[in-house]
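*Asks:* Got a predicted model here, sequence first, then my questions.
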Amino acid sequence: MPIARRSMSGWGRTNAVTAPVLSTPDLDQIARAVTTVAERNAESPPHLRNGVIARGLGRSYNESAQNRAGLTVDMTRLCRIHSLDGDALVADVDAGVDLDRLMRAALPLGLWLPVLPGTRQVTVGGAIAHDVHGKSHHSAGSFGDQVVGLHLLVADGRILELGPDGTADDPDGALYWATVGGLGLTGIVVRARLRLQRTETAYFLADGVVTHSVDETLALHREEWSAGADYSAGWFDAVSSGSKLGRGHFTRGRLAVRDELPKALRRNPLAFDAPQYLRVPDVFPSGLGNRVTFGAMSAAYFRAGRSFENGIRNITAFLHPLDIMADWNRFYGRRGFLQYQFVLPYETLDEFAPLLREVQASGHPSFVNVLKMFGDGNRAPLSFPMPGMTVTFDFAIRPGLGDLTARLDRRVLDAGGRLYSAKDSVTSPETFHAMYPRIDEWLAVRRRIDPDGVFVSDMARRLQLV
């Protein structure tokens with residue numbers, strides 16, 4: 001088998017490992033690798049079971065797609081787009097297809113994926129494993145809600161057909177919903193059918209608003225700023241002090257129809273206008289992101305914000321501004337960074353202001369901060385979204401950060417919120433389990449389909465999910 005040792009980490013560049021990686025487009029080889037591990041695990045005590053985990057493009061920020069003690073399967077070579085059905089509005093793709101490639105294939109046909117996360121550099125398998133969400137969660141749900149069906153390679157080598165409402169292989173749908181958001185720990189998603197929608201253009205009709213304090217920011221979102229728009233999110237200032245703390249600018253919008261575009265864009269309304277301008281070199285010192293630099297950047301970025309109505313924005317400007325730079329995580333230096341994302345229920349949104357003040361006073365500045373609203377969650381026990389407001393901070397790795405995140409964990413837990421599994425890299429198993437009240441239900445399904453713990457990652461060990 002084409003197995004080689006490879007260095008890898010999550011997007012945060014922490015917890016790096018060097019471990020064996022299988023990279024092949026041959027599904028039979030992947031299945032043989034899984035059954036070989038399963039046979040060895042069945043003969044070994046729990047502490048000697050090394051396991052296997054699937055990996056896509058490595059854009060989760062943590063160690064969820066690496067396995068220092070066992071095998072990692074690189075899924076990016078299993079990457080065929082089988083069909084794009086404009087009548088049924090369904091895409092049939094291998095799990096290693098990334099969302100950038102899928103959108104470049106779908107848009108010329110007038111087809112659109114309703115849920116796109118903050119980057120298109122994510123595989124379909126990874127999007128299902130973390131049940132990723134985007135700016136459209138309040139209107140379209142999360143990625144798992146767009147999956148019509150999937151094929152799952154399980155520990156005994158079978159490939160099961162699963163769907164949200166149950167199948168012959170999974171009559172009650174329990175395995176399907178344990179797989180959505182299940183961190184790759186129920187098996188390897190090898191193929192999926194995704195729900196699409198029609199669009200006349202690849203552009204957005206958007207509104208923007210500027211807020212000048214945390215109180216204005218909260219008031220805007222209590223007034224249902226997202227209502228009536230399919231997409232909504234924004235940036236807020238977590239570095240400035242006093243009344244400037246929490247100010248920001250926020251956008252909302254929907255896909256534009258052709259007649260709403262300027263004449264120059266109507267000639268090719270489905271053009272995929274998403275250039276990548278540069279690749280960030282790996283030369284930045286780890287201490288560059290500090291209060292002085294991030295303070296200046298926050299002030300400048302706030303001044304650049306504008307209130308507007310009915311503006312036309314392309315995909316990159318509206319959905320994926322960081323995709324214009326490859327390897328942007330290198331800005332934080334080789335020590336890396338931690339992205340801290342949590343959700344607060346609507347009834348405890350008042351907890352955001354004191355939490356933000358604690359971050360501002362902590363000595364751990366964050367420039368890349370995002371706020372957006374969630375709608376109803378789905379049936380997946382480990383899916384992150386719930387009705388409320390989700391918030392993201394990016395913290396450079398430096399001494400004392402663990403103490404801050406532990407305090408933030410307590411605030412989030414006390415407020416009835418939880419952390420996002422695609423981002424968390426430091427929380428304790430006790431905290432994670434307390435944040436996900438249906439985790440025992442998920443564990444029961446996992447143990448039933450994988451009794452010998454074949455599928456395992458470094459994150460699964462940290463969070464005691466195996």
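*Replies:* In hand now; what should we look at?
*Asks:* When you work out contacts or count neighbours from here on, use the C-alpha atoms and nothing else.
*Replies:* Fine.
*Asks:* Double-check residue 112 against residue 106; I have them as touching.
*Replies:* Yes. In terms of CA atoms under 8 Å, residue 112 counts as a neighbour of residue 106; the distance is 6.4 Å.
*Asks:* Give me the more crowded residue out of the two.
*Replies:* Neighbours per residue (other CA atoms under 10 Å) separate residue 112 from residue 106, with residue 112 holding more: 25 against 22.
*Asks:* Identify the residues contacting the more buried one.
*Replies:* 103, 106, 196-199 (CA atoms under 8 Å, 6 or more residues apart in numbering).
*Asks:* which residues of the chain score low on pLDDT?
*Replies:* For the chain, the stretches with pLDDT under 70 are 45-49.
*Asks:* So which residue is dead centre in it?
*Replies:* Nearest to the mean C-alpha position of the chain, counting by CA atoms, centre = their mean, stands residue 132 at 4.3 Å.
*Asks:* Leaving out chain neighbours, which residue sits closest to that one?
*Replies:* In this structure, residue 132 finds its nearest non-sequential neighbour in residue 143, 5.4 Å apart by CA to CA, 6 or more residues apart in numbering.
*Asks:* For that neighbour, the count of nearby residues, please.
*Replies:* 26.
*Asks:* my read: it touches residue 127, true?
*Replies:* Yes. Counting by CA under 8 Å, residue 143 does reach residue 127; the two are 6.6 Å apart.
*Asks:* Name the next helix or strand downstream of whichever helix in the chain runs longest, please.
*Replies:* When the chain is parsed with DSSP state H, its longest helix is helix 27-42. Moving toward the C-terminus from helix 27-42, the next helix or strand (DSSP states H and E) is strand 52-55.
*Asks:* ok, which stretches of the stretch 201-350 of the chain are helices?
*Replies:* 214-222, 263-266, 291-304, 315-318 (DSSP state H, counting those that start in this stretch).
*Asks:* Now do the buried residues in the longest one.
*Replies:* Within helix 291-304, the residues that qualify as buried are 291, 294-295, 297-298, 301-302, counting by 16 or more other CA atoms under 10 Å.
*Asks:* Check the second one too.
*Replies:* When burial is assessed from 16+ other CA under 10 Å, helix 263-266 yields the following buried residues: 265-266.
*Asks:* what sits up against it?
*Replies:* 258-259.
*Asks:* centre of the chain versus it, how much separation?
*Replies:* The chain centre lies 33 Å from the centre of helix 263-266; the measure is CA atoms, centre = their mean, to the nearest Å.
*Asks:* Need the CA coordinates for that helix. PDB is fine.
*Replies:* What follows is helix 263-266, C-alpha atoms only, in PDB (Å, rounded to 0.1, in the frame of the first residue of the first chain):
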ATOM      1  CA  LYS A 263     -24.400  45.800 -16.900                       C
ATOM      2  CA  ALA A 264     -20.700  44.900 -17.000                       C
ATOM      3  CA  LEU A 265     -21.400  41.800 -14.800                       C
ATOM      4  CA  ARG A 266     -24.600  40.700 -16.600                       C
END
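*Asks:* Make JSON lines from the buried residues of helix 291-304 and add distance to residue 247 to it.
*Replies:* Shown next, in JSON lines, are the buried residues of helix 291-304 (distance: CA to CA, whole Å):
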{"residue": "291", "distance to residue 247": "17"}
{"residue": "294", "distance to residue 247": "15"}
{"residue": "295", "distance to residue 247": "13"}
{"residue": "297", "distance to residue 247": "14"}
{"residue": "298", "distance to residue 247": "10"}
{"residue": "301", "distance to residue 247": "11"}
{"residue": "302", "distance to residue 247": "8"}
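*Asks:* Which of the residues you listed sits closest to residue 249?
*Replies:* Taking CA to CA as the measure, residue 249 sits nearest to residue 302 out of these, at 7.2 Å.
*Asks:* And the closest one, how close does it get to residue 423?
*Replies:* The span separating residue 302 from residue 423 equals 25 Å under the rule CA to CA, to the nearest Å.
*Asks:* wouldn't residue 182 be in contact with residue 382 here?
*Replies:* Yes. Judged on CA under 8 Å, residue 182 makes contact with residue 382 at a distance of 6.2 Å.
*Asks:* The two: which has the busier surroundings?
*Replies:* Higher neighbour count among residue 182 and residue 382: residue 382, with 27 against 24, using other CA under 10 Å.
*Asks:* For that one, give me its contacts.
*Replies:* Residues in contact with residue 382 (CA under 8 Å, 6+ apart) are 178, 180-182, 436, 438-439, 442.
*Asks:* try 10 Å this time
*Replies:* 129-131, 177-183, 420-421, 433, 435-439, 441-442 (CA atoms under 10 Å, 6 or more residues apart in numbering).
*Asks:* which of those residues are buried?
*Replies:* Counted by 16+ other CA under 10 Å, these give 129-131, 177-183, 420-421, 433, 435-436, 439, 442 as buried.
*Asks:* mind listing which of these are in helices?
*Replies:* 129, 177-179, 433, 435, 439, 442.
*Asks:* Closest one to residue 362 out of these, please.
*Replies:* Nearest to residue 362 among those, with distances taken as CA to CA, is residue 435, at 23.8 Å.
*Asks:* ok, and the closest non-adjacent residue to the closest one?
*Replies:* Excluding its sequence neighbours, the residue lying closest to residue 435 (CA to CA, 6+ apart) is residue 418, at 5.1 Å.
*Asks:* surely residue 124 meets residue 194?
*Replies:* Yes. In this structure residue 124 lies within contact range of residue 194 using CA atoms under 10 Å: 9.2 Å.
*Asks:* Excluding chain neighbours, what is closest to residue 90?
*Replies:* Among residues not flanking residue 90 along the chain, residue 195 sits closest, at 4.8 Å (CA to CA, 6+ apart).
*Asks:* err, residue 119, not the other one
*Replies:* In space, residue 119 is closest to residue 320, 5.6 Å off (CA to CA, 6+ apart).
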